[in-house]
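Asks: generate a structure from the sequence data that follows.
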Amino acid sequence: MGLKEFFFPKRRDFLGMLARQTSKTLEGMQALKEFMKEPNPSTSGRVKEIEREADELRLHLINELNASFITPLDREDIFSLSRAIDDIIDYGQRTVEEMLIYEVKPTPDIQRMVDALLEATKNIELAVQNLTRGPQLVLPYVVKAKKEENHIEHLYHEALANLFKNKDTIYILKMRELYRHLSNSADRCDEAANLISDIVIKMT
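Replies: Just a heads-up that it's a prediction; the model follows:
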């Protein structure tokens, strides 16, 4: 780092980076829904491609964070929110990958969980997009995202109850793992919502 940047540090748009990362994650969850409607190499490849693009956005944010002395938000909050957002799509992509490996088709339970997960992600994306516009615009989306996460947990336990009616032990083990990935993705939505709430409090 030169003296110029030391005395006049470059302004890095971390809110913009988080917004772009969240939009890419939402794009990935929309692709996940398409895969659940039409599970084929094209739709699965699209999920994997978007997940890779989301990883690149996160890597760029981390590199910028490491190069920055001054940030508009708490450095740890930026890093943690970026990680939670990234994990949402990571678990979605892992679900697709293992469905192909296990050779299982989407079930109505999986489709319902993915639909709710998409809604949660939409609200996380809207919350992040509105961070620069005022806390009164952010918090309603945070509340909606957390409600969707609670709904997904209900769907998760409902899916397990339906699954355990099956007599095929191998199938139960496969599907339980897939349901767990979607539940983990929902947990990251909840984590992101909590982090956004913390950020809003610190901004006001």
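Asks: contacting residues for residue 114?
Replies: For residue 114, the contacting residues are 29, 32-33, 36, 182, by CB atoms under 8 Å, 6 or more residues apart in numbering. Any C-beta I mention is one placed from the backbone N, CA and C, and that applies to glycine too.
Asks: may I see the residues you listed arranged in CSV, with neighbour count and secondary structure as well?
Replies: Shown next, in CSV, are those (neighbours: other CB atoms under 10 Å; DSSP: H, G, I helix; E, B strand; the rest coil):
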residue, neighbour count, secondary structure
29, 25, helix
32, 27, helix
33, 16, helix
36, 22, helix
182, 25, helix
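Asks: which of these sits closest to residue 13?
Replies: Nearest to residue 13, judged by CB to CB, of the contacts of residue 114 is residue 29 at 23.9 Å.
Asks: report the contact partners of that closest one.
Replies: 88-89, 92, 114, 117-118, 121.
Asks: circling back: what's the closest of the contacts of residue 114 to residue 75?
Replies: For these, the nearest to residue 75 is residue 29 (27.1 Å; CB to CB).
Asks: can you check the pLDDT for the closest one?
Replies: What the model reports as pLDDT for residue 29 is 98.
Asks: that older thread, now the two most distant members of the contacts of residue 114.
Replies: Using CB to CB, the pair of the contacts of residue 114 lying farthest apart is 33 and 182, separated by 11.8 Å.
Asks: residue 80 - nearest residue in space that isn't next to it in sequence?
Replies: In space, and not counting its chain neighbours, residue 80 is closest to residue 195: 5.6 Å by CB to CB, 6 or more residues apart in numbering.
Asks: what's the neighbour count on that neighbour?
Replies: Using other CB atoms under 10 Å, the number of residues around residue 195 comes to 22.
Asks: tell me the secondary structure for it?
Replies: At residue 195 the chain is in helix, as set by DSSP: H, G, I helix; E, B strand; the rest coil.
Asks: got it, and residue 39?
Replies: Applying three-state DSSP: residue 39 is coil.
Asks: wait, isn't residue 23 in contact with residue 125?
Replies: Yes: contact criterion CB atoms under 8 Å: residue 23 and residue 125 qualify, at 5.9 Å.
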